[in-house]
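**Q** Structure for the following, please:
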Amino acid sequence: MIDLSIVIVSWNVRGYLAACLDSISASLAARPVSAEIIVVDSASSDDAVDLLRERYPQVRVLPQRENIGFTRGNNLGLAAAAGRFVLLLNPDTEITGDALGRMVAYLDANPAVGIVGPHTLNTDGSHQSTRRRFPTLLTAIFESTWLQPLAPRRILDRYYVRDAPDEATADVDWVQGSALMVRREVIAQIGGLDDGYVMFSEEMDFCRRARDAGWRVVYLGGARIIHHGGKSTDQAVASRHIYFQQSKLRYFRKFHGALPAALLRMILISLYVYQMALEAAKGALGHKRRMRGERVRVYWQVVRALVRPGARVQGA
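**A** Residues are numbered from 1 along each chain as shown. Okay, here's the model as predicted:
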């Protein structure tokens, strides 16, 4: 059995994907482990499949006829993977140094650890927060909403694991799916990602199930990658808002119950309605009308999707 399967789900990020694959080759050369690379292309229109077949013949390509979303794409890759460990990796990432070998070696040396995530950097080399503790309802109300600046510091410090140094190796509740390495035994025990999530929160759900099954989740500060961030989701702003909030609600309904999820839904709808009214008022006063009008359109789609989950997403 090979050591590592690397699964990448790609949608219209041809240039970033090439840089990612080149960085994988360099990392495997720096600290060799036997590996395979699987790219699930989600109906890209940028000729990425042709690029892969011409320049990267070692990569196994699974082209799709439609955009199947991040979670379903990763599950296809998981089903095809043959490695002892599987790395779910975003296409807009680059591996630095021997990070792949470090992560494999750490899992080999620590059999109780089921999932490991690396120290992630932004494009400019600054620290990118990708380690988390599980959110409480209060965390969900503040985090990644317009209320975040008002959040008590202790709430977000706990959630973002700010008590551990960036270079540390530390047990956490979950790590972000931009780079998540999982032991094959974990997948066999708990299954793949919950494809009820199109994108966002699927890795939190996955780590929650792994932790509930007794596995440790570890942030490995000595293994580094660069994550350029959101290059696929930047192409569909309304969809990004909708999937993020719907995924948050799905997680809370699944692990906290219907009442907390319903309360969270009401608060999110209220926040979007308020912001929609604020943007409309600013536009009516003549301030950046085009931008304000676009934001109103996006927020209205989010409100419709949160009130009626089956509502169609324009531009998705």
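**Q** Quick one: the helices in the protein, in order.
**A** Assigned by DSSP state H, the helices in the chain fall at 14-30, 48-55, 70-80, 99-109, 137-142, 153-159, 184-190, 202-212, 237-255, 258-284, 289-307.
**Q** want to try CSV for the ones you listed, with distance to residue 131 and mean pLDDT as columns?
**A** To be clear about C-beta, it is placed using only N, CA and C from the backbone, and glycine gets the same treatment. Formatted as CSV, the helices of the chain follow (distance: least, CB to CB, whole Å; pLDDT from 0 to 100):
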stretch, distance to residue 131, mean pLDDT
helix 14-30, 21, 96
helix 48-55, 30, 93
helix 70-80, 20, 95
helix 99-109, 14, 98
helix 137-142, 14, 96
helix 153-159, 10, 96
helix 184-190, 18, 98
helix 202-212, 11, 98
helix 237-255, 17, 91
helix 258-284, 23, 95
helix 289-307, 28, 92
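**Q** what's in contact with stretch 275-290?
**A** 146, 292, 293, 295, 296, 299, 300, 303 (CB atoms under 8 Å, 6 or more residues apart in numbering).
**Q** any chance of the helices of the chain in a markdown table, with mean neighbour count too?
**A** Output for the helices of the chain, formatted as a markdown table (neighbours: other CB atoms under 10 Å):
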| stretch | mean neighbour count |
| --- | --- |
| helix 14-30 | 19 |
| helix 48-55 | 16 |
| helix 70-80 | 22 |
| helix 99-109 | 20 |
| helix 137-142 | 17 |
| helix 153-159 | 14 |
| helix 184-190 | 16 |
| helix 202-212 | 22 |
| helix 237-255 | 20 |
| helix 258-284 | 16 |
| helix 289-307 | 17 |
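**Q** Including distance to residue 1, could those go into a markdown table?
**A** Formatted as a markdown table, the helices of the chain follow (distance: least, CB to CB, whole Å):
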| stretch | distance to residue 1 |
| --- | --- |
| helix 14-30 | 17 |
| helix 48-55 | 24 |
| helix 70-80 | 14 |
| helix 99-109 | 13 |
| helix 137-142 | 39 |
| helix 153-159 | 37 |
| helix 184-190 | 8 |
| helix 202-212 | 21 |
| helix 237-255 | 33 |
| helix 258-284 | 40 |
| helix 289-307 | 43 |
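**Q** May I have the residues that are in contact with residue 41?
**A** Residue 41 sits in contact with 10, 11, 48, 49, 52, 61, 62, 63, 64, where contact means CB under 8 Å, 6+ apart.
**Q** May I ask which two of the contacts of stretch 275-290 are separated the most?
**A** 146 and 293 (19.0 Å; CB to CB).
**Q** Got phi/psi on the spatially closest residue to residue 72 that is not a sequence neighbour?
**A** Here the nearest residue to residue 72 in space, its sequence neighbours aside, is residue 195; by CB to CB, 6 or more residues apart in numbering that works out to 4.9 Å. Per-residue torsions, residue 195: phi -80, psi 10 (degrees, to the nearest 10).
**Q** Does residue 195 touch residue 70 like I think?
**A** No - Residue 195 is not in contact with residue 70 according to CB atoms under 8 Å; the separation is 9.7 Å.
**Q** Give me the common contacts of the two.
**A** With CB under 8 Å, 6+ apart as the test, residue 195 and residue 70 both reach residue 202.
**Q** ok, the nearest residue to residue 269 once chain neighbours are set aside to residue 242 distance?
**A** Spatial nearest neighbour of residue 269, excluding adjacent residues (CB to CB, 6+ apart): residue 306 at 5.1 Å. Spatial separation of residue 306 from residue 242 under the definition CB to CB, to the nearest Å is 8 Å.
**Q** Residue 25 now?
**A** Taking CB to CB, one finds residue 25 at 36 Å from residue 242.
**Q** And for residue 65, the neighbour number?
**A** Residue 65 has 7 neighbouring residues, counting by other CB atoms under 10 Å.
**Q** Quick check: it touching residue 44?
**A** No - if you go by CB under 8 Å, residue 65 and residue 44 don't touch, sitting 11.5 Å apart.
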